[in-house]
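S.K.: Please work out how this folds:
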Amino acid sequence: MEFQLTAQMADEPGTLDRALLVFSRRRICPRAVVAAADPEHGLMELTVRFEAGSALEAKRLAHQVARGVLVQAVTLEPVDAAVDREMALVRVRCKPGERDRIREAAERLGAEVAAEGTETVVLSLAGASAEVRRA
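M.R.: The predicted structure is shown next:
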């Protein structure tokens with residue numbers, strides 16, 4: 001199962017290293033790590049996406065992260081497959097008189113006109129991976 005852990009913690013030297021050391025000790029390689037500092041409030045927000053064998057294992061990991069550093073808040077959420085989205089951009093060469101027909105075809109597919117040039121129309125389609133590939 002994939003989880004996302006978000007921790008708001010003190011922005012002090014070594015805090016990020018100590019938080020990520022918890023993952024290393026459990027031999028968990030995060031899929032994504034994002035850290036953003038807020039110097040005005042002396043805080044850092046760390047977001048980590050990772051795989052865990054169970055929800056209990058993920059909760060234990062979150063608890064260890066909270067114990068190892070000065071943490072204000074920790075949230076742990078399972079990442080649902082429905083969250084993943086894909087986007088396709090298609091450039092279609094057409095004459096100005098054919099644009100209405102292109103717009104109608106795009107509407108049937110659930111796409112939107114993203115941009116129009118003198119000789120082209122760019123369509124964008126976003127959604128679940130399977131739906132985008134099928135279109």
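S.K.: Who are the packing partners of the longest helix anywhere in the chain?
M.R.: Longest helix in the chain by number of residues, with DSSP state H as the criterion: helix 55-68. Helix 55-68 is packed against strand 2-10, helix 15-25, strand 71-78, with contacts defined by 3 or more Cβ pairs under 8 Å, 6 or more residues apart in numbering; DSSP states H and E. In short, each C-beta sits where N, CA and C put it, glycine included.
S.K.: Would you indicate which residues of that helix are buried?
M.R.: Neighbour-count burial for helix 55-68 flags 58, 61, 62, 65, 66, 68 (criterion: 16 or more other Cβ atoms under 10 Å).
S.K.: rewinding a little: figure out which of the helices and strands packed on helix 55-68 is closest to residue 44.
M.R.: Judged by Cβ to Cβ, the one of those that comes nearest to residue 44 is strand 2-10, at 5.6 Å.
S.K.: Any stretches of the protein with poor pLDDT?
M.R.: Where the chain drops to pLDDT under 70, the residues are 81-85, 127-135.
S.K.: Repeat the analysis, applying 80 as the threshold.
M.R.: Along the chain, segments meeting pLDDT under 80 span 68-70, 80-87, 126-135.
S.K.: Quick check: most distant residue from the centroid of it.
M.R.: Ranking residues of the chain by C-alpha distance from their mean position (Cα atoms, centre = their mean) puts residue 97 at the top, at 39.7 Å.
S.K.: That one: what secondary structure?
M.R.: Three-state assignment for residue 97 (DSSP: H, G, I helix; E, B strand; the rest coil): helix.
S.K.: got it, and the one 10 residues further on?
M.R.: Classification of residue 107 into helix, strand or coil gives helix, according to three-state DSSP.
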